[in-house]
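J.: Sequence isn't available, so here's the structure alone:
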């Protein structure tokens with residue numbers, strides 16, 4: 001009886017290991033393909049479409065891919081300033097930011113701050129969900145390492161700017177620029193870029209309302225973004 005239970009447990013563990021390994025290989029294959037090919041959609045896009053179509057079956061995502069060189073340098077600098085000031089220096093993880101986020105979570109007694117870099121945010125957007133847990137953060141970290149290994153920093157920022165969410169059903173810099181300012185992403189000025197960068201942590205909320213706190217953060221980004229280093 002004990003031997004039978006042991007064999008069952010062993011086979012179950014092997015099956016779980018095989019499934020985990022297959023999942024990681026699938027992530028790796030997708031990332032490798034997207035090194036030279038643009039993703040048509042992401043996990044966040046699919047989730048947003050499901051949610052919006054549950055309310056309105058005719059709802060559609062607003063998204064247009066734009067090459068890196070056709071996105072305003074001001075937006076690149078604003079996003080790096082706001083989301084990941086050490087983007088060019090780290091290997092996908094800002095350990096100082098992670099430590100600070102963990103300390104904040106311990107004080108609050110719940111998982112709120114994540115200390116995520118642009119690479120980690122991209123990993124989440126491409127493959128995962130907005131749910132907050134240490135298990136998801138672990139998978140996010142594995143995917144982020146794959147991305148940093150296979151892609152250049154320029155490619156990481158290009159894909160991020162094209163898949164980031166900037167409001168209800170609004171994805172990518174081109175869609176955001178057209179929706180909020182009626183201009184192409186290439187024509188965004190510093191102030192417009194800073195305001196868009198401020199929206200990234202909560203695009204649903206800040207796409208509708210933009211209060212004094214966000215205005216203050218916009219001004220801070222404007223004051224620092226001129227010295228931001230981008231690929």
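T.: Looks like it arrived, so ask away. Please read all numbers here as calculations on a predicted model, not as lab measurements. Numbering: from 1, shown residues only.
J.: isn't residue 185 right up against residue 67?
T.: No: counting by CB atoms under 8 Å, residue 185 does not reach residue 67; the two are 9.9 Å apart. Just so you know, the C-beta spots here come from the backbone N, C-alpha and C atoms, and that holds for glycine as well.
J.: neighbour-wise, which of the two wins?
T.: residue 185 (24 against 12; other CB atoms under 10 Å).
J.: For the more buried one, list the residues it contacts.
T.: Residues near residue 185 by CB atoms under 8 Å, 6 or more residues apart in numbering: 66, 70, 71, 72, 75, 161, 173, 174, 176, 177.
J.: Let's see which of those residues end up in helices.
T.: Per DSSP state H, helices hold the following members of the contacts of residue 185: 75, 161, 173, 174, 176, 177.
J.: Top of those residues by number of neighbours, please.
T.: Highest neighbour count within the ones in helices among the contacts of residue 185, by other CB under 10 Å: residue 173, with 29 neighbours.
J.: Report pLDDT for residue 171.
T.: pLDDT, residue 171: 98.
J.: same question, the one 4 residues further on
T.: Model confidence at residue 175, expressed as pLDDT, equals 98.
J.: C-terminal to the lowest-mean-pLDDT helix or strand in the chain, what's the next element?
T.: Among the helices and strands of the chain, helix 95-108 carries the lowest confidence by mean pLDDT, DSSP states H and E, at a mean of 57. Per DSSP states H and E, the first helix or strand lying C-terminal to helix 95-108 is helix 118-127.
J.: Just the buried positions in the helix or strand following that following helix, please.
T.: Using DSSP H and E, the helix or strand that follows helix 118-127 in sequence is helix 134-150. Buried residues in helix 134-150, defined by neighbour count with 16 or more other CB atoms under 10 Å: 136, 137, 139, 140, 141, 143, 144, 145, 146, 147, 148.
J.: do the same with stretch 65-82
T.: 65-66, 71-72, 74-82.
J.: now stretch 10-17
T.: Buried positions in stretch 10-17, judged by neighbour count with 16+ other CB under 10 Å: none.
J.: what's the distance between that stretch and the middle of its chain?
T.: 32 Å (CA atoms, centre = their mean, to the nearest Å).
J.: Also stretch 188-199?
T.: The answer for stretch 188-199 is 17 Å, by CA atoms, centre = their mean.
J.: correct me, but residue 72 touches residue 193?
T.: Yes: if you go by CB under 8 Å, residue 72 and residue 193 touch, sitting 6.0 Å apart.
J.: tell me the mean pLDDT for the lengthiest helix in the chain?
T.: Secondary structure of the chain per DSSP H: the longest helix is helix 2-33. Averaging pLDDT along helix 2-33 yields 85.
J.: angle of it against helix 118-127?
T.: 110 degrees (axes from the mean of the first three to the mean of the last three CA atoms, to 10 degrees).
J.: Tell me which helix or strand comes right after helix 2-33.
T.: As assigned by DSSP H and E, the chain's next helix or strand after helix 2-33 is helix 43-55.
J.: Going by neighbour count, which residues in that next one are buried?
T.: Buried residues in helix 43-55 (16+ other CB under 10 Å): 44, 45, 48, 52.
J.: between those residues, which is closest to residue 27?
T.: residue 44 (15.5 Å; CB to CB).
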